[in-house]
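> Fold the stuff below for me.
(one chain, ligands or ions: 2)
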Amino acid sequence: MKYIQMEYSGPLNGKAHIAGAKNSSLALLAAAALADDIVTLEGIPRIDDVRVIAAIGQDIGMDVNQEEGHIVMDPRWIHSAEIDPRKASSYRASYYFAGALLSKFGKVTIGYPGGDNFVARPIDQHLKVFQALGARVEIFNDYYTVEAAELRGADIYFDTITSGATINAMLAAVRAKGRTILRNAAVDPEVVDTAAFLNRLGARIYGAGTDSIRIEGVPYLNGGKHTVIPDRLIAGSFLMAAGVNGGEVTVTDVIPEHLGACLAKLEEIGMEVERGENYITAYGTGSIKATRVRTGMYPGFATDLQQPMTALLLQAKGKSIITDRVFPKRFAHVPQLRRLGAEIELRKESAFIRGGMPLRGGWAHATDVRAGTCLLLAGLAAEGSTYITGVEHIERGYEDVIGSFQAIGAKLSMRELDARELPGRMPVQR
Ligand SMILES: CC(=O)N[C@H]1[C@@H](OP(=O)(O)OP(=O)(O)OC[C@H]2O[C@@H](n3ccc(=O)[nH]c3=O)[C@H](O)[C@@H]2O)O[C@H](CO)[C@@H](O)[C@@H]1O
Ligand SMILES: C=C(OP(=O)(O)O)C(=O)O
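Ligands and ions are numbered 1, 2, ... in the order given. Model prediction:
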């Protein structure tokens, strides 16, 4: 079993190049199945979820070749719309194959989404979209099927703002007959990126980035080339790292506008932030202020930055409160932080953080990708050695977690657990 060993790292200084966004890449890779010719995607990160998609591609007859910096996909010979339930359940965004293959073949059989299992994550809005477009959904034990003799455009009002279902609706409706309108749609950059990609292939999607998206169905999608947007969530985490012990961290190849709420919060707690055209530098003074954070859908403060922000606020003297409105129970990182000496109380959908208390090294388990980021930031500040297990979760989101943190001066390395020489006490995983 792999684990990460970290030491107190002092002020960080350095640059981190930001790879393509995981959440956008997962949508674009499934969207590529919709095309009728070869697609090249640039900037797709080398992460575990992408490897699962390549394996799914192989199963259904879609060639997926990842080369240095880009992926080439050939969807012309897809011969099956049945996705292995185990592969579908090994990551969250497999549901995009439901929208894409339904759209192209009128039928799909697929397992339930897996991925970060921090709370119940319903897919009722995805299914509602398929049904609104005229499909029949059947639910079985470990898979579901969606089938339609013909998909017809529809007027769909989302009951809640969801980026996943908004993207899936675009995938499902892009080849449907007539016009589809999505109301109360998510406005996330990943929604806009997916629409831009599909439009490049010949789709007719209008208004992505607003809460009302219009899709005029087309019968055919060309091949083409597209570059995925940079990962705003990884960028935000690196900038937060500059606040933990002070220092200066620059993230390059980013779109600063995508990080509006995060940067505003960093400034509010006393960090300085410099925004360039495609870079951001965060300066930590070593002294940050306690604050209140409420997550929200984009352009609000991202739920995926809530966990690293918790680690950062452990360094702010006084009481901070973090409320997660998107996933109100997303606090699996809190018991793990307590192992490192953090004083955090959980009440309803909020974490009450008593900041400014010393952290001490120990074992902690990353239960999901952002819980992992949170522990990495906490480990930077903890006295002694911190050992983080659950590396497979971290690697769902990071291309080279060790290399990129080392590049900004963090002291950490990847280790293999040798049961005969356990450093400290192994945690009971929860
Ligand atoms: C692969 C991917 O892109 N994952 C991201 C995506 O997840 P995911 O697409 O699962 O999240 P959504 O944007 O759909 O979820 C937003 C809210 O809508 C609710 N909801 C969603 C779908 C549904 O059918 N019914 C429903 O009630 C969810 O419980 C949540 O409260 O957006 C989340 C919110 O920004 C991020 O944390 C995830 O990193
Ligand atoms: C929750 C996340 O991922 P997923 O939706 O893929 O599980 C995340 O990226 O923080």
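
> In the protein, which residue sits nearest ligand 2?
At 2.9 Å from ligand 2, Gly115 is the closest residue in the chain, using CB to the nearest ligand atom. Just so you know, the C-beta spots here come from the backbone N, C-alpha and C atoms, and that holds for glycine as well.

> Got phi/psi on Met297?
Main-chain torsions, Met297, degrees, to the nearest 10: phi -70, psi 160.

> Roughly how far does the nearest residue to it once chain neighbours are set aside sit from ligand 1?
Leaving aside its chain neighbours, Met297 sits nearest to Ile161 (4.7 Å; criterion: CB to CB, 6 or more residues apart in numbering). As for Ile161, its distance to ligand 1 is 7 Å (criterion: CB to the nearest ligand atom, to the nearest Å).

> just Glu395 next, same as before
To ligand 1, Glu395 is 15 Å away according to CB to the nearest ligand atom.

> residues in contact with that residue?
Counting by CB atoms under 8 Å, 6 or more residues apart in numbering, Glu395 makes contact with Ile47, Asp48, Val401.

> shouldn't the first one be in contact with Ile394?
No. Under the criterion of CB atoms under 8 Å, Ile47 lies out of contact with Ile394, with a separation of 9.9 Å.

> what's the neighbour count on the closest residue to the residue of the chain closest to ligand 2 other than its chain neighbours?
Of all residues not flanking Gly115 in the chain, Arg92 sits nearest, at 2.5 Å (CB to CB, 6+ apart). When neighbours are counted by other CB atoms under 10 Å, Arg92 registers 20.

> isn't Arg92 right up against Gly111?
No. Checked against CB under 8 Å, the pair Arg92 and Gly111 is beyond contact range at 11.8 Å.

> Where does Val146 sit: helix, strand or coil?
What DSSP: H, G, I helix; E, B strand; the rest coil gives for Val146 is strand.

> I'd like to know how far the residue nearest to Gly115 sits from Ile83.
To Ile83, Arg92 is 14 Å away according to CB to CB, to the nearest Å.

> Would you agree the residue nearest to Met297 falls within a helix?
No. Counting by three-state DSSP, Ile161 is not found in a helix; it is coil.

> any idea of the pLDDT on it?
Looking at Ile161, its pLDDT is 98.

> what do you get for Leu133?
pLDDT for Leu133: 98.

> Just give the nearest non-adjacent residue to it, would you?
Nearest residue to Leu133 in three dimensions, chain neighbours excluded: Leu151, at 4.6 Å (CB to CB, 6+ apart).

> Now do the contacts for the residue of the chain closest to ligand 2.
Contacts of Gly115 by CB under 8 Å, 6+ apart are Asp49, Tyr91, Arg92, Ala93, Arg121, Arg396.

> Let's verify the fourth one: helix, strand, or coil?
Here Ala93 is recorded as helix under three-state DSSP.

> separation between it and Gly217?
Applying CB to CB, the value for Ala93 to Gly217 is 23 Å.

> what residues are up against Gly276?
Neighbours of Gly276 in contact, by CB under 8 Å, 6+ apart: Pro256.

> Can you verify my assumption that Ala21 contacts Ala235?
No. Counting by CB under 8 Å, Ala235 is not a contact partner of Ala21; they are 9.4 Å apart.

> For Gln66, which three-state class applies?
At Gln66 the chain is in strand, as set by three-state DSSP.

> can I assume it is in contact with Pro45?
No. Between Gln66 and Pro45 there is no contact, the gap being 9.9 Å when judged by CB under 8 Å.

> the more surrounded of the two?
A direct count of neighbours by other CB under 10 Å for Gln66 and Pro45 places Pro45 higher, at 21 against 17.

> quick one, phi psi at that one?
Here is the backbone geometry of Pro45 (degrees, to the nearest 10): phi -70, psi 150.

> Could you measure from the residue nearest to Gly115 over to Val191?
Taking CB to CB, one finds Arg92 at 16 Å from Val191.

> re earlier: output the contacts of Glu395 as TSV; include the columns distance to ligand 1, secondary structure and neighbour count.
Below are the contacts of Glu395 laid out as TSV (distance: CB to the nearest ligand atom, whole Å; DSSP: H, G, I helix; E, B strand; the rest coil; neighbours: other CB atoms under 10 Å):
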residue	distance to ligand 1	secondary structure	neighbour count
Ile47	11	coil	23
Asp48	13	helix	18
Val401	17	helix	21
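
> Can you say which helix or strand has the residue of the chain found nearest ligand 1 in it?
Residue nearest to ligand 1 within the chain (CB to the nearest ligand atom): Gly164, separated by 2.3 Å. Secondary structure assignment for Gly164, by DSSP states H and E: helix 163-173.

> Show residues contacting the lowest-mean-pLDDT helix or strand in the chain.
When each helix and strand of the chain is scored by mean pLDDT, DSSP states H and E, strand 63-67 comes last, with a mean of 91. Applying CB under 8 Å, 6+ apart, the external contacts of strand 63-67 come out as 29, 44, 46, 50, 53-54, 57-58, 71-74, 77.

> can I get the residues you listed in JSON lines with secondary structure and pLDDT?
Output for those, formatted as JSON lines (DSSP: H, G, I helix; E, B strand; the rest coil; pLDDT from 0 to 100):
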{"residue": "Leu29", "secondary structure": "helix", "pLDDT": "98"}
{"residue": "Ile44", "secondary structure": "coil", "pLDDT": "96"}
{"residue": "Arg46", "secondary structure": "coil", "pLDDT": "93"}
{"residue": "Val50", "secondary structure": "helix", "pLDDT": "94"}
{"residue": "Ile53", "secondary structure": "helix", "pLDDT": "96"}
{"residue": "Ala54", "secondary structure": "helix", "pLDDT": "94"}
{"residue": "Gly57", "secondary structure": "helix", "pLDDT": "96"}
{"residue": "Gln58", "secondary structure": "helix", "pLDDT": "94"}
{"residue": "Ile71", "secondary structure": "strand", "pLDDT": "96"}
{"residue": "Val72", "secondary structure": "strand", "pLDDT": "97"}
{"residue": "Met73", "secondary structure": "strand", "pLDDT": "97"}
{"residue": "Asp74", "secondary structure": "strand", "pLDDT": "97"}
{"residue": "Trp77", "secondary structure": "helix", "pLDDT": "96"}
